[in-house]
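Peer 1: okay, predicted coordinates and the sequence, questions at the end:
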Amino acid sequence: MGQLIVGDVHGCYYTLKELLREHWRPEEDTLILIGDIINKGPHSAKALKYAIKLKRLHPFQVILLRGNHEQWFLESYRHKSKSKAYSSLLDDLNKQGLKSEEVNSALSAWPLHWESNKLFVSHAGLSNAAVDPFDPRDEHGLLKNRKNLKPLSKIQIIGHNIIDLGKPLFKPQENAWYLDTGAWCHQKLSALHFQDGSSVPKVLQVDRKSKDNA
């Protein structure tokens, strides 16, 4: 089995579907979504519903990691937020048949990281600046970090920080791949495919679909 690791989707539902249609084979690869499936782009509710459906259909082949925008939903739900952004998302979720309590339960179960013998995958990465990187409230933790990453013996793969080059970036000094190419505001959604046991991935990209233009 290999690993297909997909960057920040941010509501680009049709683009995500196209990438998986072209590049994911559930019988061959574990799919890992790196977080921030929702917000910014136009189809957050559809993208989230699709991700939840994939997890239900392939419970052992799909890993849904929590990003800072999923954490924002959890905190908004907990505090009964009246913000315009949260209310708008709730309306969209309701149109897709998703109840807020069901979404809260689902997102609460999403882990902050996934790792293997060679890879450590999280939304924002392990940094020496973190007090407790596994605490969702830590500003330099796995959900929110924007500081330099801590070099590990394993390869880190993160999203969160948009790479303006338009393609994923490997930083040797951090032994880390940066995967977010800004699908919601640029042109492509990016992914890395690791053959099982390999430390050199294949870079995969699809153009943002016209239906996902905000």
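Peer 2: Thanks, I have the structure now. Numbers count the residues shown, from 1 in each chain.
Peer 1: next, the buried residues of stretch 63-73.
Peer 2: Neighbour counts over stretch 63-73 (16 or more other CB atoms under 10 Å) mark 63-73 as buried. Any C-beta I mention is one placed from the backbone N, CA and C, and that applies to glycine too.
Peer 1: pull the residues that contact that stretch.
Peer 2: Identification of contacts with stretch 63-73 by CB atoms under 8 Å, 6 or more residues apart in numbering yields 8, 10, 30-40, 51-52, 55, 86, 89, 103-104, 107, 110-114, 121-124, 136, 143-144, 159-160.
Peer 1: what's the burial count for residue 99?
Peer 2: By other CB atoms under 10 Å, the residues close to residue 99 number 11.
Peer 1: list phi and psi for residue 2.
Peer 2: Main-chain torsions, residue 2, degrees, to the nearest 10: phi -110, psi -170.
Peer 1: for it, give me the pLDDT.
Peer 2: Listed pLDDT for residue 2 reads 95.
Peer 1: cool, and the one 3 residues further on?
Peer 2: Reported pLDDT at residue 5 in the predicted model: 98.
Peer 1: before we move on, what about residue 199?
Peer 2: Taking residue 199 on its own, its pLDDT is 88.
Peer 1: again with residue 214
Peer 2: 65.
Peer 1: next, the buried residues of the longest helix belonging to the chain.
Peer 2: For the chain, the helix with the greatest residue count under DSSP state H is helix 44-57. For helix 44-57, burial by neighbour count (16+ other CB under 10 Å) applies to 44-52, 54-55.
Peer 1: give the pairing partners of the next helix or strand after it; include direction for each.
Peer 2: Per DSSP states H and E, the first helix or strand lying C-terminal to helix 44-57 is strand 62-64. In the sheet, strand 62-64 lines up against strand 29-33 (parallel) (DSSP bridges).
Peer 1: so among the contacts of stretch 63-73, which ones count as buried?
Peer 2: For these, buried by 16+ other CB under 10 Å: 8, 10, 30-40, 51-52, 55, 86, 89, 103, 107, 110, 112-114, 121-124, 136, 143-144, 159-160.
Peer 1: thinking again about what came up before, same list, the buried residues of helix 44-57, but as CSV with distance to residue 175 and pLDDT please.
Peer 2: As requested, the buried residues of helix 44-57 are exported to CSV (distance: CB to CB, whole Å; pLDDT from 0 to 100):
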residue, distance to residue 175, pLDDT
44, 32, 97
45, 36, 97
46, 35, 97
47, 30, 98
48, 31, 98
49, 35, 98
50, 32, 98
51, 28, 98
52, 32, 97
54, 29, 98
55, 29, 97
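Peer 1: closest to residue 20 out of those residues?
Peer 2: Ranked by distance to residue 20 (CB to CB), these are led by residue 54 at 7.9 Å.
Peer 1: from residue 6, how far off is the nearest residue to residue 7 once chain neighbours are set aside?
Peer 2: Computed as CB to CB, 6 or more residues apart in numbering, the closest residue to residue 7 that is not its neighbour in sequence is residue 179, at 3.9 Å. Remark: distance between residue 179 and residue 6 (CB to CB, to the nearest Å) = 8 Å.
Peer 1: overlap in contacts, these two.
Peer 2: Common neighbours of residue 179 and residue 6 (CB under 8 Å, 6+ apart) are 34, 190-191.
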